[in-house]
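Asks: for reference, the sequence and a predicted model appear below.
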Amino acid sequence: LDSYIAAVYEHSVILPDVTGSPVSSDEALTLMNKNMDVLEGAIKAAAQQGAHIIVTPEDAIYGWVFKRDTIFPYLEDIPDPQVNWIPCTDPERFAPAAVQERLSCMARNNSIYVVANIGDKKPCNSSDPKCPSDGHYQYNTNVVFDSEGKLVARYHKYNLFMSETQFDSPKEPEIVTFNTSFGKFGIFTCFDILFHDPAVTLVSKSHVDTVLFPTAWMNVLPHLTAIEFHSAWAMGMHVNFLAADTHNTSMAMTGSGIYAPDGPRAFHYNMDTENGHLLVAELSSHPHLSPTYPAAVNWSAYATSVKRFSPDDWDFCGVIFYDKFTFTELTKPEGNRTVCQKDLCCHLSYRMAEKREDEVYVLGAFDGLHVVEGEYYLQICTLLKCESTDLKTCGLPVATAHTRFEAFSLSGTFGTSYVFPEVLLSGVQLASGEFQVLSDGRLISQSGTSKPVLTVTLFGRWYEKDPPQPHI
Ligand SMILES: NC(=O)CCCC[C@@H]1SC[C@@H]2NC(=O)N[C@@H]21
């Protein structure tokens, strides 16, 4: 197939009561069946719209409110897919496996690949020095069932997010791929996207066409909202990307999408209701063969070839999500500006429709190690709206704006080749098809965007500069 239909479902999880002690396995299954009832409706609806594959979110079947012992009744032993197992037709082979059986039957009965996130348990003993004291490993796990219900992929999350003390990390990152008639797929989970392994390796070494991405993503403005960062990763890595986010507005969890290398095909962001939402869109099976496949980018070519635009600009410091940026204010309705921090200089050319008195925009640069909720090295060039006209508020989260940019061009002297281009508009919306990345590393919009701008950002990850990661 040259193209296929993809679906992602943003699910509003029915959470269990928070209990100090573990519930029975029957109680756990009752709660998981309630969530699977909702997922089944989405799977049927996706199949009716012709979808070949559907991705459901991380933690969608039991939530995240657990300690190590209280999640145990929700876990199943998930075998290696090499065993060739269709749980729907052979449920006793690796029983008890009620959740795998039901997911497999949903895939088989609706002739659709189903991607889900569940918990795996693996017994171990004292012959293994790393074996936890309770005698088993517990993994945050993605599973994929093909359209006949066969288990074709199992992935254990490697980069656990700080609060996931209920789970263990596998000893090594797992590179999990599978082939279909509509392309080669790879899979990882949520916080994995910030790190080199397995995420970058899946694309650069395994050459997957599409990444499957269950997530429970808490949005952080201005640079780490789900739709913004995930669509940027798809563009920067030149892959299709299917992101299904858990929906929970009190945790700022919303933002799912179907992203192609040249831009989003569909996305969803909703902080107004607790409803779930199904997205369905067509994607190229082999995006590198498509006529719209972007050319390779040298991210520093343009920026290193020009002189500092504005040598006498006044700089000041400000903080974005705990990182200390260097900023310069855009005082005029149009112009060329440069701001530098350490080895990173960011250049911006811009033209606003009008310079409003009630809104302030800055150009910012950050070149350093981010150290909160994980340690990872960043190089970031960003144009953003400040929360108010007080420059002290630059970098604080802001979700609405009124200033339109008729044109912009942003570039930076990046030391990394992993740069993710973000454009986020008023109301936390994407600028589908309204900007492009040139092969010399400029992120440009020639005719402006359909809505006012919150931020235009080149988000660089310099993996070689990361400290050793704590994979406990
Ligand atoms: N469940 C996960 O692994 C997702 C965590 C991703 C959260 C992203 S990454 C760093 C930012 N911090 C947040 O609170 N949200 C962002």
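Replies: Cool, got the structure. Residues are numbered from 1 along each chain as shown.

Asks: okay, now the closest residue to residue 161 other than its chain neighbours: neighbour count?
Replies: Excluding its sequence neighbours, the residue lying closest to residue 161 (Cβ to Cβ, 6 or more residues apart in numbering) is residue 191, at 4.3 Å. (Glycine included, C-beta is placed from N, CA and C.) For residue 191, the neighbour count with other Cβ atoms under 10 Å is 21.

Asks: just checking, residue 191 touches residue 374?
Replies: Yes: using Cβ atoms under 8 Å, residue 191 is in contact with residue 374, at 7.1 Å.

Asks: wait, a strand at the residue nearest to residue 161?
Replies: No: going by DSSP: H, G, I helix; E, B strand; the rest coil, the assignment for residue 191 is helix, not a strand.

Asks: what stretches of this protein score poorly on pLDDT?
Replies: For the chain, the stretches with pLDDT under 70 are 163, 471-472.

Asks: list the contacts of the longest helix seen in it.
Replies: Looking across the chain with DSSP state H, the single longest helix is helix 25-48. The contact list for helix 25-48, computed with Cβ atoms under 8 Å, 6 or more residues apart in numbering, reads 7, 9, 11-14, 16, 54, 56, 60-62, 73-74, 96, 98-99, 102-103, 106-107, 110-112, 114, 116, 276, 278, 280.

Asks: which of those come close to the ligand?
Replies: Near the ligand, judged by Cβ under 6 Å from any ligand atom, there are no entries from those.

Asks: now, of those residues, which are buried?
Replies: Among the contacts of helix 25-48, those scoring as buried are 7, 9, 11-13, 16, 54, 56, 60-62, 73-74, 98-99, 102-103, 106-107, 110, 112, 114, 116, 276, 278, 280 (criterion: 16 or more other Cβ atoms under 10 Å).

Asks: just the ones of those residues in strands?
Replies: Using DSSP state E, 7, 9, 54, 114, 116, 278, 280 are the members of the buried ones among the contacts of helix 25-48 that sit in strands.

Asks: out of the residues you listed, the closest to the ligand would be?
Replies: residue 116 (15.4 Å; Cβ to the nearest ligand atom).

Asks: got a list of what that closest one touches?
Replies: 39, 56, 60, 61, 103, 142, 143, 145, 214.

Asks: hang on, the earlier thing: taking the ones in strands among the buried ones among the contacts of helix 25-48, tell me the two that lie furthest apart.
Replies: 116 and 280 (17.6 Å; Cβ to Cβ).

Asks: could you check how many residues crowd around residue 252?
Replies: 16.

Asks: contacts only, for it.
Replies: 218, 219, 220, 271.

Asks: go again with 7 Å.
Replies: Applying Cβ atoms under 7 Å, 6 or more residues apart in numbering to residue 252 gives the contacts 218, 219.

Asks: could you report the separation of it from the ligand?
Replies: To the ligand, residue 252 is 8 Å away according to Cβ to the nearest ligand atom, to the nearest Å.

Asks: re earlier: separation between the residue nearest to residue 161 and residue 164?
Replies: Distance, residue 191 to residue 164, by Cβ to Cβ, to the nearest Å: 8 Å.

Asks: next: residue 239.
Replies: With Cβ to Cβ as the criterion, residue 239 and residue 164 are 25 Å apart.

Asks: please apply the same query to residue 466.
Replies: 19 Å.

Asks: more neighbours, those two?
Replies: residue 164 (20 against 17).

Asks: what about the nearest residue to the more buried one once chain neighbours are set aside, distance to the ligand?
Replies: Spatial nearest neighbour of residue 164, excluding adjacent residues (Cβ to Cβ, 6+ apart): residue 140 at 6.5 Å. As judged by Cβ to the nearest ligand atom, residue 140 and the ligand stand 8 Å apart.

Asks: look up which residues are beta-bridged to residue 140.
Replies: With DSSP bridges as the criterion, residue 140 is bridged to residue 119.

Asks: that one contacts residue 188, correct?
Replies: No: the criterion here is Cβ atoms under 7 Å, and residue 140 misses it with residue 188 at 11.0 Å.

Asks: what helix or strand is the residue nearest in space to the middle of the chain on?
Replies: In the chain, the centroid-proximal residue (Cα atoms, centre = their mean) is residue 230; its distance is 4.0 Å. In this assignment (DSSP states H and E), residue 230 forms part of helix 226-237.

Asks: other SSEs contacting that helix?
Replies: Applying 3 or more Cβ pairs under 7 Å, 6 or more residues apart in numbering; DSSP states H and E, we find helix 226-237 packed against strand 240-245, strand 256-260, strand 263-268, strand 419-425.

Asks: for the ligand, find the nearest of those.
Replies: Among these, strand 240-245 sits nearest to the ligand (Cβ to the nearest ligand atom), with 9.4 Å.

Asks: is the closest one anywhere near the ligand?
Replies: No: between strand 240-245 and the ligand, judged by Cβ under 6 Å from any ligand atom, nothing touches; the nearest distance is 9.4 Å.

Asks: so residue 268 makes contact with residue 279?
Replies: Yes: the criterion here is Cβ under 7 Å, and residue 268 meets it with residue 279 at 5.6 Å.

Asks: hang on, the earlier thing: now the helices and strands packed on helix 226-237 as CSV including mean neighbour count?
Replies: CSV is the format used below for the helices and strands packed on helix 226-237 (neighbours: other Cβ atoms under 10 Å):
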stretch, mean neighbour count
strand 240-245, 29
strand 256-260, 28
strand 263-268, 20
strand 419-425, 25
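
Asks: including distance to residue 393, could these go into a markdown table?
Replies: As requested, the helices and strands packed on helix 226-237 are exported to a markdown table (distance: least, Cβ to Cβ, whole Å):
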| stretch | distance to residue 393 |
| --- | --- |
| strand 240-245 | 28 |
| strand 256-260 | 29 |
| strand 263-268 | 28 |
| strand 419-425 | 17 |
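
Asks: mind giving me the domain split of this protein?
Replies: Under the assignment automatic domain parsing, the domains of the chain span 3-289, 301-465.

Asks: secondary structure element for residue 282, which one?
Replies: Going by DSSP H and E, residue 282 is in strand 277-284.

Asks: which stretches of the stretch 251-400 of the chain form helices?
Replies: Assigned by DSSP state H, counting those that start in this stretch, the stretch 251-400 of the chain shows helices spanning 301-305.

Asks: can you name the residue of it nearest the ligand?
Replies: For the stretch 251-400 of the chain, Cβ to the nearest ligand atom, closest residue to the ligand: residue 373, 5.0 Å.

Asks: sec struct for the closest residue to that residue other than its chain neighbours, please.
Replies: Nearest non-adjacent residue to residue 373, counting by Cβ to Cβ, 6+ apart: residue 162, 5.5 Å away. Three-state call for residue 162 (three-state DSSP): coil.

Asks: residue 162 touches residue 470, doesn't it?
Replies: No: distance between residue 162 and residue 470: 10.0 Å, which falls outside the contact criterion (Cβ under 7 Å).

Asks: so can I have JSON lines of the ones in strands among the buried ones among the contacts of helix 25-48 showing distance to residue 179?
Replies: What follows is those, written out as JSON lines (distance: Cβ to Cβ, whole Å):
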{"residue": "7", "distance to residue 179": "20"}
{"residue": "9", "distance to residue 179": "24"}
{"residue": "54", "distance to residue 179": "18"}
{"residue": "114", "distance to residue 179": "17"}
{"residue": "116", "distance to residue 179": "20"}
{"residue": "278", "distance to residue 179": "26"}
{"residue": "280", "distance to residue 179": "23"}
